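Turn this into a structure:
(one chain, ligands or ions: 1)
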Amino acid sequence: MLAMAEDEWVKSKLQEVLEKISSEDKRITPQRVLLTKLILSKVKEHASLKELFDAAQEELPRVGISTVYNTIKMLESMGIVDTFIVNDKLRIDQPIPHINVYCLDSDKIFDVDGDVASTVMDSLKSKGLNVKKIVVEAYCSGEKKEDRGPGDSISNLI
Ligand SMILES: [Zn+2]
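Sure thing, here's the model as predicted:
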């Protein structure tokens, strides 16, 4: 049931993208369609550029990472997806106001919406802030582990 609804969402977004591409006189290539589908299907899990590239390579062995990146940027410019950097990695996101929780222990991101999100958003807005993205760092397994920190070198900190 849920998988079905997700599928419908991807389908309708893909349709929107294809219409925009043709209205901008860009070419609709099979590769572009495939990459767009892949990106849309992984937006809710906040996939990283690397994860998307790895997944793309399974279907398009000769695809370059810059093609995957450019497709993400095209979708971002259309307002279909959003991007942000977490732990030095580019991640995709839904372009709607919400709180992202970044799990320091699993490197995964999940969304918090509903009352908590709108309370935080409203309160920041009332301070005159035009909020771009909210990311909360947390230990999602419930126990605080040793911070991964900057590794051996202080140069990672600057
Ligand atoms: Zn998110």
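
Map the structural domains onto the sequence of this structure.
Annotated domains of the chain cover 2-93, 99-145 [automatic domain parsing].

name the element Asp122 belongs to?
helix 114-125 (DSSP states H and E).

so what does that helix touch, helix or strand wise?
strand 99-103, strand 134-138 (3 or more Cβ pairs under 8 Å, 6 or more residues apart in numbering; DSSP states H and E). The way it works is simple: take the backbone N, C-alpha and C, and place the C-beta from them, glycine included.

picking up where we left off before, tell me the most buried of the domains of the chain?
When you average the neighbours per residue for each of the domains of the chain (mean count of other Cβ atoms under 10 Å), domain 2-93 leads with a mean of 15.

from the chain's centre, how far out does it sit?
9 Å (Cα atoms, centre = their mean, to the nearest Å).

Could you do stretch 103-122 as well?
14 Å.

Now do it: distance from first to last residue.
24 Å (Cα to Cα, to the nearest Å).

Would you tell me whether it gets close to the ion?
Yes. Remark: stretch 103-122 sits within contact range of the ion at Asp111, by Cβ under 5 Å from the ion.

Also stretch 30-45?
No. If you take Cβ under 5 Å from the ion as the test, stretch 30-45 misses the ion, and the best it gets is 7.8 Å.

Can you give the contact residues for that stretch?
6, 9-10, 13-14, 17-18, 21, 47, 51-52, 55-56, 59-60, 63, 67-68, 71-72, 75, 80-81, 92-94, 108-109, 111 (Cβ atoms under 8 Å, 6 or more residues apart in numbering).

now do stretch 105-114
Against stretch 105-114 from outside (Cβ under 8 Å, 6+ apart): 44-46, 86-87, 91, 93-94, 98-103, 135-136, 139-141, 145.

Kindly check the end-to-end length of that stretch for me.
End-to-end distance of stretch 105-114 (Cα to Cα): 25 Å.

same question for it, mean pLDDT?
Per-residue pLDDT over stretch 105-114 has a mean of 92.

now stretch 11-28
Mean predicted confidence for stretch 11-28 is 91.
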